[in-house]
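1. please find the sequence and the predicted model below.
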Amino acid sequence: MNPNSSCYQVLIDQLREQMGYDFVSLAFAESAVNDFILTWKYASGNLNNRYKRIVLQSGKGVAGIVFKTGNPMLVSSVAEGLDPQEMYNYPILISERLSSLAAIPLYLADRVEGVLLAGYRGEQRMSQEGLNQLYGWLQGRFGDFEIKELTP
Amino acid sequence: MNPSSLNIPVELLYKHFEHSSDAIIFFDAVHRVMSMNPQAERLLDRRVLEEPSDADSNAFCFSCRGYTSEEEPMSCLNCYLSNSEKDFSSFQLYLETKTKGVVPFSASFQTVDRAAGVRVLILRDLTNQLMTQQMLNRNTMMKSVIKAQEDERKRISRELHDSVAQELISSLVDLRVLKYLNVQEEALQKIQQTEASLTRLLEQIRNLSVELRPASLDDLGLDAAFRSHFKWIEKNYGVLVRFVAELSGQRFNSEVETVVYRVCQESVLNALKYADVDEVDVRLFASEHMLELIVSDRGIGFDVNTNDPKGTGLGIYGMKERAELVGGEVMITSGLGKGTTVHLRVPFGAVSP
């Protein structure tokens, strides 16, 4: 994997355009020496550059949770699904004002190495159906990464 | 009896009855309302004057919700109307009023004509007094809660930092020694894994300790504690805190430093939760007798006069309480679209009473 490869910016731009998402971003985990901290490396449709400053510990934030559990995360409605008091534990939701999102783990040699997030700001909702469509678009691959089949 | 008291003109007594802000109600020997003054009429439903439908019930019970006894806040046991033994010269009574619902009254019930069994009930609205009392209780309670919380955090944080983390470090050292002994390759790998997870655990414990209460606040002072806290904020929330400290390492009373730290923490957290900003400015400086902290953002702001908090609404209240603990004050200026500024001023070396 070469996380600095420019192909990822192109990929997420394409994904956002073709699927009609408001925001798509990509987080990579650092090595064990750095305690597997996660940072958002690429973003498409971002409102500001706040995402660049965010550093997540494994298990914290959207990327941290997906990284640690290895399972996709679906929040159809941020307003209904998350307690406003807990919102600030998910900085990306605040800085990008997302109202609905899904995040999926990206595998490399059977280890989660990255997290792909796609979301909406407006009325549109990310449903289970929407998540399936995202998996359909990805067809098991994202750049160098492997995407595990969605198990119901 | 003092003869001068008998010289009171009857019209004066009548005027007192007519214009008193206290409700005055006369009862006859069978607990029926004989008459009441205009204030009482304003308060109570007319139905208390009606004849009861049966002999056992009492028309006044229609309004009365009971008095405060040792056992209950609103009790009907040993009713003041029928019980002649117990002293009811001063007690607290709850009545259903026409306009304000159930209201607490300070009441006094006395016999004025022993032969005819006529008694008088005088009522004074207690709402304001009780509110003041409640506020006072709440304030003192809040202060002790804040102090207890701070002390407990300090204790746990110290415990984690000084004993749990230290123990962990010595086991880590032991583990590293193990690597240099003659061990099999397989065991060596396992040791390395354990070392990595112990290192992570140590890091988590340290974070926990700092989150509870940074040891640097006690050891190095506000400047250092703020710097590491803001770095943490930037990493965790993506919000940049521009910090300017003009203290040059000056130290203050530990209580003052705690208050400044907590108020700043709360204000910055509020800014990043609600203000919708990427940057917050924090300035810490000492004026002649005051240690001052200014936290400002250029975010969406809020109307300081409306009482419609986005969160619990306790944050700002807590900040003010904390500041009062050390004789300081918090000023919050904000307006929709104008950003928010929190200005804390604390006198140096002030010790809580």
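-> Looks like it came in fine.
2. and the nearest residue to A:Lys52 once chain neighbours are set aside, how far from A:Ala109?
-> Nearest non-adjacent residue to A:Lys52, counting by CB to CB, 6 or more residues apart in numbering or on different chains: A:Trp40, 6.9 Å away. From N, CA and C alone the C-beta is placed, and that goes for glycine too. Distance of A:Trp40 to A:Ala109, given as CB to CB, to the nearest Å: 22 Å.
3. also B:Lys86?
-> Using CB to CB, B:Lys86 is found at 85 Å from A:Ala109.
4. more neighbours: the two, which one.
-> B:Lys86 (11 against 7; other CB atoms under 10 Å in any protein chain shown).
5. skipping adjacent residues, who's closest to the more buried one in space?
-> Take B:Lys86 and drop its neighbours on the chain: the residue closest to it by CB to CB, 6+ apart is B:Asn78, 5.9 Å away.
6. my reading is that A:Gly114 lies in a strand. Confirm?
-> Yes. Per DSSP: H, G, I helix; E, B strand; the rest coil, A:Gly114 lies within a strand segment.
7. number of residues surrounding the closest residue to it other than its chain neighbours?
-> Closest residue to A:Gly114 apart from its sequence neighbours, by CB to CB, 6+ apart: A:Leu106 at 3.8 Å. Neighbour count of A:Leu106, defined by other CB under 10 Å: 25.
8. helix, strand or coil: sort out A:Leu106 for me.
-> Applying three-state DSSP: A:Leu106 is strand.
9. assign a three-state SS to B:His229, would you?
-> From three-state DSSP, the assignment for B:His229 is helix.
10. can you tell me which residues in the stretch 51-200 of chain B are near chain A?
-> Residues of the stretch 51-200 of chain B lying close to chain A by CB under 8 Å from any CB of the partner chain are B:Ala196, B:Arg200.
11. any weak-confidence spans in the stretch 51-200 of chain B?
-> Within the stretch 51-200 of chain B, the stretches with pLDDT under 70 are B:51-57.
12. ok, residue 67 - how many residues close by?
-> Here I'm looking at chain A. Applying other CB under 10 Å, we find 28 residues neighbouring A:Phe67.
13. that answer is for a different chain, and I need it for chain B
-> Using other CB under 10 Å, B:Tyr67 is surrounded by 24 other residues.
14. quick one: contacts for the residue lying closest to it once chain neighbours are set aside?
-> Spatial nearest neighbour of B:Tyr67, chain neighbours left out: B:Leu93 (4.7 Å); criterion: CB to CB, 6+ apart. Neighbouring residues of B:Leu93 by CB atoms under 8 Å, 6 or more residues apart in numbering or on different chains: B:Cys64, B:Gly66, B:Tyr67, B:Thr68, B:Tyr80, B:Pro104, B:Phe105, B:Ser106, B:Ala107, B:Leu123.
15. which among these end up buried?
-> B:Cys64, B:Gly66, B:Tyr67, B:Tyr80, B:Pro104, B:Phe105, B:Ser106, B:Ala107, B:Leu123 (16 or more other CB atoms under 10 Å in any protein chain shown).
16. nearest to chain A among these?
-> B:Pro104 (34.8 Å; CB to the nearest CB).
17. my read: A:Glu149 touches A:Gln139, true?
-> No. Look at A:Glu149 against A:Gln139 with CB atoms under 8 Å: they stay out of range, at 10.8 Å.
18. below-threshold pLDDT in the stretch 251-353 of chain B: ranges please.
-> Along the stretch 251-353 of chain B, the parts satisfying pLDDT under 70 run over B:311, B:349-353.
19. who in it is up against chain A?
-> Residues of the stretch 251-353 of chain B found near chain A (CB under 8 Å from any CB) are B:Leu269, B:Leu272, B:Lys273, B:Asp276, B:Asp278, B:Lys310, B:Gly311, B:Thr312.
20. just say helix, strand or coil for the residue nearest to A:Lys52.
-> strand.
21. can you pull up the bridge partners for it?
-> Here A:Trp40 sits in beta bridges with A:Ala27, going by DSSP bridges.
22. in chain A, where is pLDDT below threshold?
-> In chain A, residues with pLDDT under 70: A:1-5, A:32-34, A:151-152.
23. beyond the host helix or strand of B:Thr140, next helix or strand please.
-> Using DSSP states H and E, the element containing B:Thr140 is helix B:127-159. Going down the chain from helix B:127-159, the next helix or strand is helix B:165-179, by DSSP H and E.
24. helices or strands next to the following helix or strand past that following helix in the packing?
-> Next helix or strand after helix B:165-179 toward the C-terminus (DSSP H and E): helix B:185-212. Helix B:185-212 sits against helix B:127-159, helix B:165-179, with contacts defined as 3 or more CB pairs under 8 Å, 6 or more residues apart in numbering or on different chains; DSSP states H and E.
25. export those to TSV and tack on distance to A:Pro72 and mean neighbour count?
-> Below are the helices and strands packed on helix B:185-212 laid out as TSV (distance: least, CB to CB, whole Å; neighbours: other CB atoms under 10 Å in any protein chain shown):
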stretch	distance to A:Pro72	mean neighbour count
helix B:127-159	36	13
helix B:165-179	35	12
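26. how about the ones you listed in a markdown table, adding distance to A:Arg121?
-> Shown next, in a markdown table, are the helices and strands packed on helix B:185-212 (distance: least, CB to CB, whole Å):
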| stretch | distance to A:Arg121 |
| --- | --- |
| helix B:127-159 | 38 |
| helix B:165-179 | 43 |
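27. report the secondary structure state of the nearest residue to B:Ser90 once chain neighbours are set aside.
-> Counting by CB to CB, 6+ apart, B:Ser90 lies nearest to B:Ser108, which is 5.4 Å off, once chain neighbours are set aside. Look at B:Ser108: counting by three-state DSSP, its state is strand.
28. fine by me, we can end here.
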